[in-house]
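>>> Predicted structure and sequence below. I'll ask about it afterward.
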Amino acid sequence: MNLSALSVRLYTRICVAAVLALLVVPTATRAQLTISDDQTEAILTSEVGDILIEEGASVTIDQAGAVVTIDSNNSVTTEVYDADGDNVNATISNEAASNATGVYLKPGNSGNLEVYGSIFVGEMDTELDKGANNYGILVGDVSDPEVFTGNITLGEYTTFTVRGDQSVGIAVYSVSVVRTFGADPSLD
């Protein structure tokens, strides 16, 4: 074998190794966002990764839209017990009168939602029927043919308070089919 052929083979191997090294470089992963106190801004999993709302902490907003949105392949968990085993709920709250959502699971993504705390949606300091179109948990969008894939776990001490006309605790949309749970207007 001559020196020129050896150089070409060595050069080719180095180039292939360099390309392979670029292909196996891990992509940046988002760390879990842990909320341990009170927060007043809406959260997107596409910006922060997985979300853990610890016992006694809360995320509260007062605007149309969702408090927490799973819009990437991530999960959200709220805790209920502190380190001593005491029941101290984590809380997700949207105090807007209308078009407010606690947690929105966006179609085309996958993940899990575990709620062991409380979800409050709607204006809390007024009459029960003020406002409309509020959701504790909203899965999907009637105008989007894609689906959200994952599990929703509600713990033993999970509570929902959703106020307003045409408002429900959990709504699951699939293309044009809607399934609602806890839509009894006599419930507060």
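Looks like it arrived, so ask away.
>>> what's the burial count for Val142?
12 (other CB atoms under 10 Å). Glycine gets a C-beta too; all of them are placed from N, C-alpha and C.
>>> nearest residue to it other than its sequence neighbours?
Spatial nearest neighbour of Val142, excluding adjacent residues (CB to CB, 6 or more residues apart in numbering): Tyr173 at 4.7 Å.
>>> What's the mean pLDDT across the helix or strand where that neighbour lies?
Per DSSP states H and E: Tyr173 is located in strand 168-174. Mean pLDDT, strand 168-174: 86.
>>> Using CSV, write out the CA atom coordinates for that strand.
C-alpha atoms of strand 168-174 as CSV (Å, rounded to 0.1, in the frame of the first residue of the first chain):
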residue,chain,number,x,y,z
VAL,A,168,-66.4,22.1,33.8
GLY,A,169,-63.9,20.3,36.0
ILE,A,170,-62.3,18.2,33.2
ALA,A,171,-63.0,18.4,29.4
VAL,A,172,-61.5,16.0,26.9
TYR,A,173,-61.7,17.1,23.3
SER,A,174,-61.0,14.7,20.4
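>>> counting contacts, what elements does it pack onto?
With contacts defined as 3 or more CB pairs under 8 Å, 6 or more residues apart in numbering; DSSP states H and E, strand 168-174 has these neighbours: strand 135-139, strand 159-162, strand 177-181.
>>> Repeat the analysis, applying 10 Å as the threshold.
strand 100-105, strand 118-121, strand 135-139, strand 149-154, strand 159-162, strand 177-181 (3 or more CB pairs under 10 Å, 6 or more residues apart in numbering; DSSP states H and E).
>>> Mind checking those for the one nearest to Thr60?
Nearest to Thr60 among the helices and strands packed on strand 168-174 is strand 118-121; the distance by CB to CB comes to 8.4 Å.
>>> Only C-alpha atoms, please: export the closest one in CSV.
Extracted in CSV, the C-alpha atoms of strand 118-121 (Å, rounded to 0.1, in the frame of the first residue of the first chain):
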residue,chain,number,x,y,z
SER,A,118,-56.2,21.7,44.3
ILE,A,119,-57.3,23.5,41.2
PHE,A,120,-59.4,26.7,41.4
VAL,A,121,-60.7,28.4,38.3
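>>> Number of residues surrounding Ala64?
Ala64 has 14 nearby residues by other CB under 10 Å.
>>> Likewise for the one 3 residues further on?
Close neighbours of Val67, defined as other CB under 10 Å, add up to 28.
>>> contacting residues around it?
For Val67, the contact set (CB atoms under 10 Å, 6 or more residues apart in numbering) comprises 39, 41-43, 53, 58-61, 91-96, 100-104, 119-121.
>>> Pairing partners for the strand holding Tyr173, with directions?
strand 135-139 (parallel), strand 177-181 (antiparallel) (DSSP bridges).
>>> which stretch in those is the model least sure about?
strand 177-181 (a mean of 46).
>>> I'd like the mean pLDDT over stretch 57-74, please.
96.
>>> hang on, Glu123 packs against Ala64?
No - if you go by CB atoms under 10 Å, Glu123 and Ala64 don't touch, sitting 11.9 Å apart.
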